[in-house]
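J.: fold the following and give me the result.
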Amino acid sequence: DDLVTPSGQTAAWLLEIVNLGEAARVSLMPVSGAQSPTLLPYVAHPLDLEEVGRITLEMRLLLGRANQRGDLDRGAADELRKLGHLLFDELLPGRIKAWLRQADGVDLLLRTDETLVDVPWELLHTGDGFLSLRVNIGRLIAAQGVAHPLSPRELRAPYDVLVVADPCGDLDAAYDEGIDLRDSLDGKSFLSVGLKSSDVPRSYIRENIREFDILHFAGHAEIDGAGEGWMLSDGRFTVEDVERLAGGRPFPSLVFANACGSARGHHVRGGTRATWTLARAMIHAGVRHFIGTHWDLPDQIAGDFAQHFYGGLAEGLSVGGALRRARTALSLQHGEATILWGSYCLYGDPHYVYFPEAIGVARESVDFELPILDVSPQQGRAIRHNLDLPVRDLMARDGKWIGPFPNMRKQTQVLGISALGQT
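T.: You can find the predicted model right below:
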(Lines give C-alpha, C1' and ligand atoms only; values in the text may rest on other atoms or scores of the structure.)
Protein backbone atom coordinates (compact mmCIF):
# COMPACT_ATOMS: atom_id res chain seq x y z
CA ASP A 1 0.00 0.00 0.00
CA ASP A 2 1.03 3.59 -0.59
CA LEU A 3 2.24 5.56 2.39
CA VAL A 4 -0.21 8.02 3.88
CA THR A 5 0.54 11.53 2.65
CA PRO A 6 2.10 13.58 5.44
CA SER A 7 -0.06 16.67 5.29
CA GLY A 8 -3.10 16.75 7.53
CA GLN A 9 -2.90 13.14 8.71
CA THR A 10 -0.82 13.11 11.88
CA ALA A 11 1.39 15.47 13.82
CA ALA A 12 4.45 13.23 14.26
CA TRP A 13 6.10 10.43 12.30
CA LEU A 14 8.79 7.90 13.16
CA LEU A 15 11.41 7.06 10.54
CA GLU A 16 13.42 4.06 11.73
CA ILE A 17 16.63 2.95 10.03
CA VAL A 18 18.32 -0.13 11.47
CA ASN A 19 21.72 -1.22 10.20
CA LEU A 20 21.66 -4.95 9.41
CA GLY A 21 25.11 -5.06 7.80
CA GLU A 22 24.72 -5.06 4.03
CA ALA A 23 21.16 -3.77 4.24
CA ALA A 24 19.08 -1.45 6.38
CA ARG A 25 15.59 -2.10 7.71
CA VAL A 26 13.67 1.11 6.98
CA SER A 27 10.18 1.83 8.24
CA LEU A 28 7.95 4.89 8.47
CA MET A 29 4.89 5.14 10.70
CA PRO A 30 2.73 7.67 12.52
CA VAL A 31 3.39 7.87 16.23
CA SER A 32 0.31 9.75 17.41
CA GLY A 33 -3.39 9.70 16.82
CA ALA A 34 -5.76 6.93 15.84
CA GLN A 35 -3.88 6.11 12.64
CA SER A 36 -1.02 4.29 14.40
CA PRO A 37 -0.92 0.89 12.67
CA THR A 38 -0.96 -2.54 14.30
CA LEU A 39 1.09 -4.04 11.46
CA LEU A 40 4.38 -2.18 11.00
CA PRO A 41 5.73 -2.75 7.48
CA TYR A 42 9.36 -2.14 6.62
CA VAL A 43 11.60 -2.15 3.58
CA ALA A 44 14.96 -3.93 3.33
CA HIS A 45 17.17 -1.34 1.63
CA PRO A 46 20.74 -2.09 0.43
CA LEU A 47 23.25 -0.30 2.65
CA ASP A 48 26.84 0.39 1.62
CA LEU A 49 28.44 1.69 4.81
CA GLU A 50 31.73 2.36 3.03
CA GLU A 51 29.98 4.64 0.53
CA VAL A 52 27.98 6.33 3.28
CA GLY A 53 31.22 6.97 5.16
CA ARG A 54 32.89 8.36 2.04
CA ILE A 55 30.05 10.81 1.36
CA THR A 56 29.93 11.84 5.02
CA LEU A 57 33.67 12.52 5.04
CA GLU A 58 33.45 14.59 1.85
CA MET A 59 30.65 16.65 3.37
CA ARG A 60 32.70 17.30 6.51
CA LEU A 61 35.73 18.31 4.44
CA LEU A 62 33.53 20.72 2.49
CA LEU A 63 32.19 22.21 5.70
CA GLY A 64 35.77 22.66 6.85
CA ARG A 65 36.30 24.99 3.89
CA ALA A 66 33.75 27.46 5.20
CA ASN A 67 35.23 30.83 6.07
CA GLN A 68 35.13 32.56 9.43
CA ARG A 69 31.56 33.72 8.70
CA GLY A 70 30.59 30.14 7.94
CA ASP A 71 30.01 30.82 4.24
CA LEU A 72 30.74 28.38 1.45
CA ASP A 73 31.60 29.62 -2.03
CA ARG A 74 29.04 28.89 -4.74
CA GLY A 75 30.88 25.82 -5.99
CA ALA A 76 31.24 24.31 -2.52
CA ALA A 77 27.61 25.06 -1.65
CA ASP A 78 26.44 23.33 -4.84
CA GLU A 79 28.68 20.36 -4.09
CA LEU A 80 27.26 20.09 -0.58
CA ARG A 81 23.72 19.95 -1.98
CA LYS A 82 24.77 17.23 -4.43
CA LEU A 83 26.42 15.18 -1.69
CA GLY A 84 23.39 15.63 0.57
CA HIS A 85 21.15 14.40 -2.24
CA LEU A 86 23.47 11.46 -2.91
CA LEU A 87 23.37 10.51 0.78
CA PHE A 88 19.55 10.80 0.67
CA ASP A 89 19.53 8.31 -2.22
CA GLU A 90 22.03 6.00 -0.54
CA LEU A 91 20.18 5.69 2.77
CA LEU A 92 16.49 5.65 1.87
CA PRO A 93 14.22 3.62 -0.43
CA GLY A 94 12.25 5.34 -3.17
CA ARG A 95 8.80 5.38 -1.55
CA ILE A 96 10.08 6.93 1.65
CA LYS A 97 12.09 9.50 -0.32
CA ALA A 98 8.93 10.45 -2.19
CA TRP A 99 7.07 10.81 1.12
CA LEU A 100 9.78 13.04 2.60
CA ARG A 101 9.61 15.34 -0.41
CA GLN A 102 6.00 16.10 0.58
CA ALA A 103 6.63 16.35 4.31
CA ASP A 104 6.97 20.09 4.84
CA GLY A 105 6.61 21.12 8.48
CA VAL A 106 5.91 17.71 10.04
CA ASP A 107 7.61 16.45 13.20
CA LEU A 108 9.98 13.64 12.23
CA LEU A 109 11.53 11.35 14.84
CA LEU A 110 14.57 9.71 13.28
CA ARG A 111 15.52 6.50 15.07
CA THR A 112 18.84 4.88 14.18
CA ASP A 113 21.49 2.86 15.97
CA GLU A 114 24.92 4.10 17.01
CA THR A 115 26.59 2.84 13.83
CA LEU A 116 24.77 5.61 11.93
CA VAL A 117 25.21 8.42 14.45
CA ASP A 118 27.96 10.06 12.34
CA VAL A 119 25.65 10.56 9.37
CA PRO A 120 24.73 14.26 8.95
CA TRP A 121 21.00 13.51 8.70
CA GLU A 122 20.13 17.19 9.02
CA LEU A 123 21.98 17.84 5.74
CA LEU A 124 20.28 15.16 3.67
CA HIS A 125 18.89 16.90 0.58
CA THR A 126 15.54 15.80 -0.83
CA GLY A 127 16.10 17.46 -4.20
CA ASP A 128 13.80 20.26 -3.08
CA GLY A 129 15.65 21.29 0.07
CA PHE A 130 17.76 20.21 3.02
CA LEU A 131 15.81 17.88 5.30
CA SER A 132 16.19 19.93 8.49
CA LEU A 133 14.87 23.07 6.75
CA ARG A 134 11.76 21.17 5.67
CA VAL A 135 10.81 19.11 8.74
CA ASN A 136 11.21 19.32 12.52
CA ILE A 137 13.76 16.56 12.99
CA GLY A 138 14.88 14.96 16.23
CA ARG A 139 17.17 11.98 16.66
CA LEU A 140 16.41 8.90 18.74
CA ILE A 141 19.37 6.52 19.08
CA ALA A 142 19.14 2.83 19.90
CA ALA A 143 22.22 2.14 22.04
CA GLN A 144 23.28 -1.42 22.87
CA GLY A 145 24.11 -2.25 26.46
CA VAL A 146 22.81 1.04 27.88
CA ALA A 147 20.55 0.89 30.91
CA HIS A 148 17.10 2.43 30.61
CA PRO A 149 17.39 6.19 31.16
CA LEU A 150 15.97 7.85 34.23
CA SER A 151 12.52 9.38 33.96
CA PRO A 152 12.66 13.06 32.92
CA ARG A 153 11.85 15.67 35.55
CA GLU A 154 8.29 16.88 35.95
CA LEU A 155 7.83 20.39 34.61
CA ARG A 156 5.51 23.12 35.82
CA ALA A 157 5.57 26.90 35.65
CA PRO A 158 7.48 28.92 36.52
CA TYR A 159 10.22 27.05 34.71
CA ASP A 160 13.75 27.51 36.07
CA VAL A 161 16.34 28.34 33.41
CA LEU A 162 20.09 28.52 34.01
CA VAL A 163 22.32 30.25 31.46
CA VAL A 164 26.03 29.49 31.91
CA ALA A 165 27.94 31.92 29.69
CA ASP A 166 31.67 32.43 29.33
CA PRO A 167 32.51 30.36 32.43
CA CYS A 168 36.27 30.86 31.95
CA GLY A 169 36.03 34.63 31.48
CA ASP A 170 37.72 34.69 28.06
CA LEU A 171 34.85 34.66 25.52
CA ASP A 172 33.24 38.08 25.23
CA ALA A 173 30.73 36.91 22.62
CA ALA A 174 29.58 34.05 24.84
CA TYR A 175 29.12 36.50 27.71
CA ASP A 176 27.04 38.74 25.43
CA GLU A 177 25.01 35.70 24.38
CA GLY A 178 24.19 34.97 28.01
CA ILE A 179 23.21 38.58 28.76
CA ASP A 180 20.99 38.74 25.67
CA LEU A 181 19.26 35.46 26.50
CA ARG A 182 18.63 36.48 30.09
CA ASP A 183 17.23 39.85 29.06
CA SER A 184 14.99 38.42 26.33
CA LEU A 185 13.55 35.61 28.50
CA ASP A 186 13.42 37.27 31.91
CA GLY A 187 10.26 39.19 31.15
CA LYS A 188 8.22 36.00 30.55
CA SER A 189 5.88 35.39 33.48
CA PHE A 190 6.26 31.61 33.18
CA LEU A 191 10.10 31.69 33.29
CA SER A 192 12.64 32.28 36.05
CA VAL A 193 16.03 32.91 34.45
CA GLY A 194 19.42 32.89 36.16
CA LEU A 195 22.79 33.79 34.63
CA LYS A 196 26.17 32.51 35.81
CA SER A 197 29.30 33.81 34.07
CA SER A 198 33.03 34.52 34.39
CA ASP A 199 34.43 32.38 37.23
CA VAL A 200 32.29 29.22 37.11
CA PRO A 201 33.98 26.19 38.73
CA ARG A 202 33.11 22.52 38.24
CA SER A 203 31.67 22.40 41.74
CA TYR A 204 28.99 24.94 40.81
CA ILE A 205 27.76 22.84 37.88
CA ARG A 206 27.91 19.63 39.87
CA GLU A 207 25.97 21.13 42.78
CA ASN A 208 23.34 23.03 40.78
CA ILE A 209 22.73 21.29 37.46
CA ARG A 210 19.78 19.31 38.85
CA GLU A 211 18.07 22.42 40.24
CA PHE A 212 17.00 23.71 36.82
CA ASP A 213 14.50 22.72 34.15
CA ILE A 214 16.58 24.13 31.27
CA LEU A 215 20.35 24.58 31.02
CA HIS A 216 22.02 26.67 28.32
CA PHE A 217 25.82 26.48 28.08
CA ALA A 218 27.81 29.01 26.02
CA GLY A 219 31.55 28.56 26.27
CA HIS A 220 34.52 26.39 25.31
CA ALA A 221 34.35 22.65 24.81
CA GLU A 222 37.24 20.23 24.45
CA ILE A 223 37.16 16.95 22.58
CA ASP A 224 39.27 13.89 23.34
CA GLY A 225 38.90 10.15 22.93
CA ALA A 226 36.27 10.02 25.68
CA GLY A 227 34.04 12.63 24.08
CA GLU A 228 33.16 16.22 24.79
CA GLY A 229 33.78 18.17 27.98
CA TRP A 230 32.73 21.70 28.93
CA MET A 231 35.59 23.96 29.96
CA LEU A 232 35.03 25.66 33.31
CA SER A 233 37.24 27.96 35.35
CA ASP A 234 39.02 25.08 37.14
CA GLY A 235 38.75 22.21 34.67
CA ARG A 236 36.31 20.22 32.54
CA PHE A 237 32.79 19.01 33.20
CA THR A 238 32.87 15.65 31.45
CA VAL A 239 30.86 12.56 30.62
CA GLU A 240 32.31 10.99 33.77
CA ASP A 241 30.87 13.83 35.85
CA VAL A 242 27.44 13.29 34.31
CA GLU A 243 27.58 9.55 34.94
CA ARG A 244 28.66 10.11 38.55
CA LEU A 245 25.70 12.44 39.18
CA ALA A 246 23.14 10.20 37.47
CA GLY A 247 20.72 8.28 39.64
CA GLY A 248 19.58 11.07 41.93
CA ARG A 249 17.23 13.85 40.91
CA PRO A 250 16.81 14.11 37.13
CA PHE A 251 18.96 16.47 35.12
CA PRO A 252 17.40 19.46 33.30
CA SER A 253 14.76 18.49 30.79
CA LEU A 254 16.46 20.53 28.05
CA VAL A 255 20.22 21.03 27.69
CA PHE A 256 21.51 23.30 24.91
CA ALA A 257 25.29 23.01 24.54
CA ASN A 258 26.14 26.03 22.38
CA ALA A 259 29.81 25.27 22.90
CA CYS A 260 32.85 25.96 20.74
CA GLY A 261 36.30 24.43 20.89
CA SER A 262 38.16 27.56 19.86
CA ALA A 263 37.87 31.27 20.65
CA ARG A 264 38.73 31.95 17.01
CA GLY A 265 35.47 30.49 15.73
CA HIS A 266 34.89 28.04 12.91
CA HIS A 267 36.75 24.79 12.36
CA VAL A 268 35.70 21.15 12.10
CA ARG A 269 36.18 19.39 15.41
CA GLY A 270 35.37 16.00 17.00
CA GLY A 271 31.98 16.10 15.35
CA THR A 272 28.80 14.16 15.76
CA ARG A 273 30.13 11.17 17.67
CA ALA A 274 31.72 13.30 20.39
CA THR A 275 28.50 15.30 20.73
CA TRP A 276 26.52 12.06 20.97
CA THR A 277 28.83 10.75 23.72
CA LEU A 278 27.86 13.67 25.96
CA ALA A 279 24.23 13.62 24.83
CA ARG A 280 23.92 9.90 25.63
CA ALA A 281 25.24 10.38 29.16
CA MET A 282 22.88 13.29 29.84
CA ILE A 283 19.84 11.53 28.38
CA HIS A 284 20.61 8.57 30.62
CA ALA A 285 20.65 11.03 33.55
CA GLY A 286 17.13 12.27 32.72
CA VAL A 287 17.63 14.90 30.00
CA ARG A 288 14.64 14.84 27.65
CA HIS A 289 16.21 16.97 24.89
CA PHE A 290 19.86 17.66 24.10
CA ILE A 291 20.93 20.18 21.45
CA GLY A 292 24.57 20.23 20.37
CA THR A 293 26.69 21.11 17.35
CA HIS A 294 28.55 18.98 14.81
CA TRP A 295 31.25 21.57 14.25
CA ASP A 296 32.29 24.93 15.68
CA LEU A 297 30.47 28.14 14.87
CA PRO A 298 31.50 31.79 14.83
CA ASP A 299 30.46 33.30 18.15
CA GLN A 300 28.00 35.83 16.72
CA ILE A 301 26.25 33.16 14.64
CA ALA A 302 25.88 30.91 17.69
CA GLY A 303 24.34 33.75 19.70
CA ASP A 304 21.90 34.63 16.91
CA PHE A 305 20.80 31.01 16.63
CA ALA A 306 20.18 30.75 20.37
CA GLN A 307 18.07 33.91 20.32
CA HIS A 308 15.91 32.60 17.47
CA PHE A 309 15.51 29.20 19.13
CA TYR A 310 14.49 30.43 22.56
CA GLY A 311 12.31 33.11 21.01
CA GLY A 312 10.31 30.40 19.25
CA LEU A 313 10.24 28.19 22.33
CA ALA A 314 8.92 31.08 24.45
CA GLU A 315 6.13 31.64 21.93
CA GLY A 316 4.82 28.11 22.45
CA LEU A 317 6.47 26.36 19.51
CA SER A 318 7.56 22.75 19.85
CA VAL A 319 11.27 22.18 20.44
CA GLY A 320 11.62 20.90 16.86
CA GLY A 321 9.59 23.77 15.44
CA ALA A 322 11.68 26.35 17.31
CA LEU A 323 14.88 24.70 16.08
CA ARG A 324 13.72 24.68 12.45
CA ARG A 325 12.65 28.30 12.70
CA ALA A 326 16.10 29.21 14.05
CA ARG A 327 17.77 27.33 11.19
CA THR A 328 15.68 29.12 8.58
CA ALA A 329 16.07 32.50 10.25
CA LEU A 330 19.85 32.06 10.26
CA SER A 331 19.75 31.31 6.52
CA LEU A 332 17.75 34.46 5.89
CA GLN A 333 19.81 36.60 8.22
CA HIS A 334 23.27 35.61 6.98
CA GLY A 335 22.59 34.82 3.34
CA GLU A 336 22.25 31.83 1.09
CA ALA A 337 25.92 30.84 1.28
CA THR A 338 25.86 30.12 5.01
CA ILE A 339 25.56 26.52 6.10
CA LEU A 340 25.95 27.15 9.82
CA TRP A 341 22.35 26.26 10.61
CA GLY A 342 23.25 22.67 9.65
CA SER A 343 25.62 22.32 12.61
CA TYR A 344 22.82 22.00 15.17
CA CYS A 345 21.48 18.59 16.11
CA LEU A 346 18.54 17.69 18.35
CA TYR A 347 18.42 14.43 20.30
CA GLY A 348 14.87 13.86 21.48
CA ASP A 349 11.24 14.16 20.42
CA PRO A 350 10.77 17.31 18.26
CA HIS A 351 7.01 17.31 18.93
CA TYR A 352 7.35 18.33 22.59
CA VAL A 353 6.12 21.80 23.65
CA TYR A 354 7.94 23.23 26.68
CA PHE A 355 5.80 26.28 27.38
CA PRO A 356 2.13 25.56 26.62
CA GLU A 357 1.28 28.70 28.59
CA ALA A 358 2.73 30.77 25.74
CA ILE A 359 0.62 29.32 22.93
CA GLY A 360 -1.40 32.10 21.34
CA VAL A 361 0.07 34.76 23.62
CA ALA A 362 2.90 36.24 21.59
CA ARG A 363 1.69 35.73 18.03
CA GLU A 364 0.74 39.37 17.54
CA SER A 365 4.35 40.54 17.85
CA VAL A 366 6.11 37.57 16.25
CA ASP A 367 7.14 39.52 13.16
CA PHE A 368 9.25 41.95 15.21
CA GLU A 369 11.51 39.09 16.28
CA LEU A 370 12.07 37.72 12.78
CA PRO A 371 14.22 39.05 9.94
CA ILE A 372 12.35 41.40 7.61
CA LEU A 373 13.83 41.66 4.13
CA ASP A 374 13.10 44.82 2.14
CA VAL A 375 12.89 43.12 -1.24
CA SER A 376 10.37 42.72 -3.99
CA PRO A 377 8.17 39.62 -4.32
CA GLN A 378 10.31 38.54 -7.29
CA GLN A 379 13.49 38.81 -5.21
CA GLY A 380 11.75 36.98 -2.42
CA ARG A 381 10.96 34.06 -4.70
CA ALA A 382 14.63 33.99 -5.72
CA ILE A 383 15.68 33.94 -2.06
CA ARG A 384 13.29 31.09 -1.34
CA HIS A 385 14.64 29.14 -4.31
CA ASN A 386 18.30 29.72 -3.45
CA LEU A 387 17.79 28.81 0.21
CA ASP A 388 15.84 25.66 -0.64
CA LEU A 389 12.96 26.90 1.53
CA PRO A 390 9.40 25.64 1.16
CA VAL A 391 7.12 28.35 -0.15
CA ARG A 392 5.20 28.49 3.12
CA ASP A 393 8.34 29.53 5.03
CA LEU A 394 8.40 32.95 3.38
CA MET A 395 5.44 35.30 3.41
CA ALA A 396 4.69 38.72 2.00
CA ARG A 397 3.07 41.65 3.74
CA ASP A 398 2.99 45.25 2.52
CA GLY A 399 5.60 44.48 -0.13
CA LYS A 400 8.08 43.01 2.35
CA TRP A 401 9.07 39.45 3.05
CA ILE A 402 8.89 37.99 6.52
CA GLY A 403 9.98 34.55 7.62
CA PRO A 404 10.12 31.89 8.69
CA PHE A 405 6.85 31.01 10.40
CA PRO A 406 5.87 27.50 11.47
CA ASN A 407 2.16 26.70 11.59
CA MET A 408 1.45 29.20 8.82
CA ARG A 409 -2.32 28.90 8.60
CA LYS A 410 -2.98 29.97 12.18
CA GLN A 411 -0.53 32.84 12.02
CA THR A 412 -1.83 34.19 8.74
CA GLN A 413 -5.27 34.46 10.35
CA VAL A 414 -3.87 36.38 13.34
CA LEU A 415 -1.43 38.60 11.48
CA GLY A 416 -3.40 39.17 8.31
CA ILE A 417 -0.48 38.06 6.15
CA SER A 418 -1.16 36.73 2.67
CA ALA A 419 0.76 33.59 1.77
CA LEU A 420 2.23 33.05 -1.67
CA GLY A 421 0.62 30.63 -4.07
CA GLN A 422 1.98 27.19 -4.70
CA THR A 423 5.02 26.81 -6.89
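J.: CA only for contacts and neighbour counts going forward, please
T.: OK.
J.: stretch 124-136: end-to-end distance?
T.: Terminal residues of stretch 124-136 are spaced 13 Å apart (Cα to Cα, to the nearest Å).
J.: run through who's touching that stretch.
T.: 81-82, 84-88, 97, 100-101, 103-108, 121-123, 320-321, 323-324, 327-328, 342, 350-351, 387-390 (Cα atoms under 8 Å, 6 or more residues apart in numbering).
J.: for this protein, what spans make up the helices?
T.: Counting by DSSP state H, the chain has these helices, from start to end: 49-63, 74-91, 94-100, 131-134, 172-185, 202-208, 239-245, 272-284, 299-313, 319-334, 377-386, 408-415.
J.: how much space between Gly235 and Asp176?
T.: Using Cα to Cα, Gly235 is found at 22 Å from Asp176.
J.: ok, the two, which is more surrounded?
T.: Per other Cα atoms under 10 Å, whichever of Gly235 and Asp176 has more neighbours is Asp176, with 17 against 13.
J.: show me the contacts for the more buried one.
T.: Residues near Asp176 by Cα under 8 Å, 6+ apart: none.
J.: on that earlier part again, ok, which of the helices of the chain comes nearest Lys196?
T.: helix 172-185 (8.4 Å; Cα to Cα).
J.: between helix 299-313 and the closest one, find me the angle.
T.: Taking axes from the mean of the first three to the mean of the last three Cα atoms, to 10 degrees, one finds helix 172-185 and helix 299-313 inclined to each other by 20 degrees.
J.: how far away from the center of its chain is helix 172-185?
T.: 20 Å (Cα atoms, centre = their mean, to the nearest Å).
J.: for that helix, which positions count as buried?
T.: When burial is assessed from 16 or more other Cα atoms under 10 Å, helix 172-185 yields the following buried residues: 173-182, 185.
J.: what of stretch 74-92?
T.: Residues 76-77, 79-92 are the ones in stretch 74-92 that count as buried (16+ other Cα under 10 Å).
J.: can you tell me what sits against that stretch?
T.: Stretch 74-92 has contacts (Cα under 8 Å, 6+ apart) with 26, 45, 47-48, 52, 55-56, 58-59, 62, 97, 123-127, 130, 337.
J.: repeat the analysis, applying 7 Å as the threshold.
T.: Residues from elsewhere that reach stretch 74-92, judged by Cα atoms under 7 Å, 6 or more residues apart in numbering: 47, 52, 55, 59, 62, 123-127, 337.
J.: I'd like the average pLDDT over it.
T.: Taken as a whole, stretch 74-92 has an average pLDDT of 91.
J.: between the buried residues of helix 172-185, which is nearest Thr115?
T.: Thr115 has its nearest neighbour among the buried residues of helix 172-185 in Ala174, at 33.2 Å by Cα to Cα.
J.: contact partners for that closest one?
T.: Contact partners of Ala174, counting by Cα under 7 Å, 6+ apart, are 165-166, 218-219, 299.
J.: this completes my enquiry, with thanks.
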